[in-house]
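# Got a predicted structure plus its sequence, pasted below:
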Amino acid sequence: MSQLRVQADQALLDDPEVKRLLAEADEILAANPLQGYMPHDKQRPFHAFRGRTKVFLGGNRSGKTTGGICDDLIQAIDPDAVPEHLKEYKKWEAPFKCRIVTPDFTRTMIAVQEAIRRWCPKSQLKGGGWDTAYEKSQRILRFANGSFFEFMTYEQDIDKFGGSARHRIHYDEEPPGEKGELVRQECTMRLADYNGDELFTFTPLLGLTWTFDELWENKGPEIAPSVWQDEGLCVVRVDMDDNPHLSQEGKEAALAAIPEEYRTARKEGNFVHFQGLVYSEWDSSRHVCDPVDKEHLKGQTFQIVIDPGIHKTAVLFGAFDKDNHLLIFDELLLQGHTPERTVSVIRAKEKFWGIRDAFYLIDPAARNRSLTDAERVESSFQKAGLPVVPAQNDVETGIFEVKRRLEKGLLTVARNCQNLLWERERYRLAPTTDGKFAVVKRHDHAMDCLRYVAMSRPLIHPEIKQRPRRWTPGTAPPADYEPIVQDNPPMGGMS
């Protein structure tokens, strides 16, 4: 039966009319390769969106680079060169000025340029071909109608991302870390003149970075499976399985070589942690409680901890009970507040909770940081009536103190402390080349406060086998510590 089918297929291919039609199709595709670009189901809403920012989160071989480059080309070329089935996706007219940013000038940029070579009609390029259109020294590809693609990388200095106005910034692969965020901020200024747009096409391989916060967490409602959209942002997440042009065997072979913890991102385009969470001991069923009332806090010792940032100030309200259990029962996250205004809000919280006496800790860096009039931040709080003292700020020691409390069940956070719980999910170890302990310094104001309050009453270290017979300054006894009762009065028999 199969032999008969092969013979029938061969007879069809030998048919002169079929040969003529195939030759015509080859000529059409050679003249304009975009005729052969058929967006799959997830690429179509990405192309159709006309808002400010559109994001294609794709697993490997999901069509993210192809989709992004084809979208750029649709905007750059003449309207009559855009195939009929793609005309609805054209937003910009020539001359279209586009900047494409990749991780490096080698592998990733070569991949992008190869995609342009594959899909761009040669007649649209300046001089009718790549060699005449591409200015290698400037890394600019020019089109016959005045449009151009400018190629840059995240390796370049931030000041290189200035320049004149652009209609679009296309980030192919994820902008890395703090520098990637600064690159995006600088590039955004280039879009102001034309009210331009930005494209992100990447596999999320860097963990929960700023792209997670700015793009994923701000996505709008889900308008279709794995498609989220509001007026200014469209996010599309594309699995390898969504690409109809990949075989099952090819997908399995590609994934087999990838470590298991990376497969979710590589296949599905999901954000995942690749650096370990700092507080891996955290168990919400054990360390999170329902909001407490004033009655619950009676008789406890209060610590109010402040981490004043340049833009945001975090405040945690902690309470130690007689068993040395720490409860974080309330918080503040203030933006743009002066020390005087911050103190006013703290006082209002104290009044609400009925707090009469408390200890106040502040980030020790506030002692050195100045306000605009050269007054120190710490002294500003003191002048505003809050007797703050510097906290212990050794990061590694403070984190280990929090971890000990988590292990022993001596730390609980009330569920209403949403910012603290949100930061905890993102607080992770930073990779270092020298083996030193480090954490990712982003969205960590409340995490810093948690360290400070834990260090205000550090637990007895486990290596101390015997219970101390006297109090050690700066420490608190463990939860099961029973004070030693002396047989004689402290001043002897004559007391």
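Looks like it came in fine.

# what's near enough to touch the closest residue to residue 402 other than its chain neighbours?
Excluding its sequence neighbours, the residue lying closest to residue 402 (CB to CB, 6 or more residues apart in numbering) is residue 454, at 4.7 Å. Yep, even glycine has a C-beta here, placed from its N, CA and C like the rest. If a contact means CB atoms under 8 Å, 6 or more residues apart in numbering, then residue 454 has 326, 398, 401, 402, 405, 411 as its contacts.

# In terms of pLDDT, where does the nearest residue to the fifth one once chain neighbours are set aside sit?
Computed as CB to CB, 6+ apart, the closest residue to residue 405 that is not its neighbour in sequence is residue 411, at 3.8 Å. Looking at residue 411, its pLDDT stands at 96.

# partner residues bridging residue 411?
For residue 411, the beta-bridge partners are residue 326 (DSSP bridges).

# For it, which residues are in contact?
Contacts of residue 411 by CB under 8 Å, 6+ apart are 287, 325, 326, 328, 402, 405, 454.

# Okay, and residue 199 sits in which element?
strand 197-202 (DSSP states H and E).

# picking up where we left off before, return the distance of the residue nearest to residue 402 relative to residue 63.
48 Å (CB to CB, to the nearest Å).

# Looking at the contacts of residue 411, which one is closest to residue 104?
residue 402 (38.2 Å; CB to CB).

# how about the closest one, secondary structure?
helix (DSSP: H, G, I helix; E, B strand; the rest coil).

# Narrow the contacts of residue 454 to those that are buried.
Buried members of the contacts of residue 454, counted by 16 or more other CB atoms under 10 Å: 326, 398, 401, 402, 405, 411.

# From what I see, the first one and residue 452 are in contact.
No. At 11.7 Å, residue 326 and residue 452 do not qualify as touching, with contact defined as CB atoms under 8 Å.

# List the buried residues in stretch 123-133.
124, 125, 126, 133.

# Look at the third one and report its pLDDT.
Put plainly, it is residue 126. Looking at residue 126, its pLDDT is 96.

# Dump the contacts of residue 454 to a markdown table, plus distance to residue 175.
Formatted as a markdown table, the contacts of residue 454 follow (distance: CB to CB, whole Å):
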| residue | distance to residue 175 |
| --- | --- |
| 326 | 38 |
| 398 | 31 |
| 401 | 35 |
| 402 | 31 |
| 405 | 36 |
| 411 | 35 |
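
# burial measure for residue 192, as a count.
10 (other CB atoms under 10 Å).

# Please name the nearest non-neighbouring residue to it.
residue 165 (7.2 Å).

# check contacts around the one you found.
Each residue near residue 165 by CB under 8 Å, 6+ apart is listed here: 97, 190, 191, 192, 193, 194, 196.

# So which of the residues you listed belong to strands?
residue 97 (DSSP state E).

# can I get the contacts of residue 165 in CSV with pLDDT and distance to residue 319?
CSV is the format used below for the contacts of residue 165 (pLDDT from 0 to 100; distance: CB to CB, whole Å):
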residue, pLDDT, distance to residue 319
97, 97, 58
190, 95, 50
191, 96, 49
192, 94, 49
193, 94, 54
194, 96, 55
196, 97, 51
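
# Can I have the buried ones of the contacts of residue 165 as a PyMOL selection?
Remark: buried members of the contacts of residue 165, expressed as a PyMOL selection using 16+ other CB under 10 Å:
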select buried, resi 97+190+191+196
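
# Which pair of the contacts of residue 165 spans the longest distance?
Greatest spacing in those, by CB to CB: 97 and 192 (13.1 Å).

# Can you report how many residues lie near the residue nearest to residue 145 when sequence neighbours are not counted?
Excluding the flanking residues, the one nearest residue 145 by CB to CB, 6+ apart is residue 94, at 3.9 Å. Using other CB under 10 Å, residue 94 is surrounded by 16 other residues.

# still on that earlier bit, tell me the pLDDT at the residue nearest to residue 192?
Per-residue pLDDT puts residue 165 at 95.

# isn't there a helix covering it?
No. Under three-state DSSP, residue 165 falls outside any helix and is assigned coil.

# which phi and psi does it have?
Backbone torsions of residue 165, given as degrees, to the nearest 10, read phi -70, psi 150.

# what domains does the record give for this protein?
Dividing the chain into domains by automatic domain parsing, as the record does, gives the ranges 32-268, 284-455.

# any chance of these in CSV, with distance to residue 277 too?
Putting the domains of the chain into CSV (distance: least, CB to CB, whole Å) gives the following:
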stretch, distance to residue 277
domain 32-268, 10
domain 284-455, 5
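
# Residue 16: which of those is closest?
domain 32-268 (23.4 Å).

# Work out the gap between that closest one and the centre of the chain.
18 Å (CA atoms, centre = their mean, to the nearest Å).

# Residue 177: how many residues sit nearby?
By the criterion of other CB under 10 Å, residue 177 has 17 neighbours.

# actually residue 314, not the one I typed
Other residues lying near residue 314 total 25 when counted by other CB under 10 Å.

# can you list contacts of the host helix or strand of it?
Per DSSP H and E, residue 314 falls inside strand 312-320. For strand 312-320, the surrounding residues in contact (CB under 8 Å, 6+ apart) are 297, 300-307, 326-335, 337, 342, 345-346, 349, 353, 355, 417, 419-420, 445-446, 448-450, 453, 457, 476.

# Need the three-state assignment for the residue nearest to residue 145.
On the basis of three-state DSSP, residue 94 is classed as coil.

# Just the terminal-to-terminal distance for stretch 214-228.
14 Å (CA to CA, to the nearest Å).

# now the contacts of residue 411 in a markdown table, with distance to residue 42 and pLDDT?
Formatted as a markdown table, those follow (distance: CB to CB, whole Å; pLDDT from 0 to 100):
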| residue | distance to residue 42 | pLDDT |
| --- | --- | --- |
| 287 | 39 | 95 |
| 325 | 50 | 95 |
| 326 | 47 | 97 |
| 328 | 42 | 97 |
| 402 | 42 | 94 |
| 405 | 45 | 94 |
| 454 | 46 | 95 |
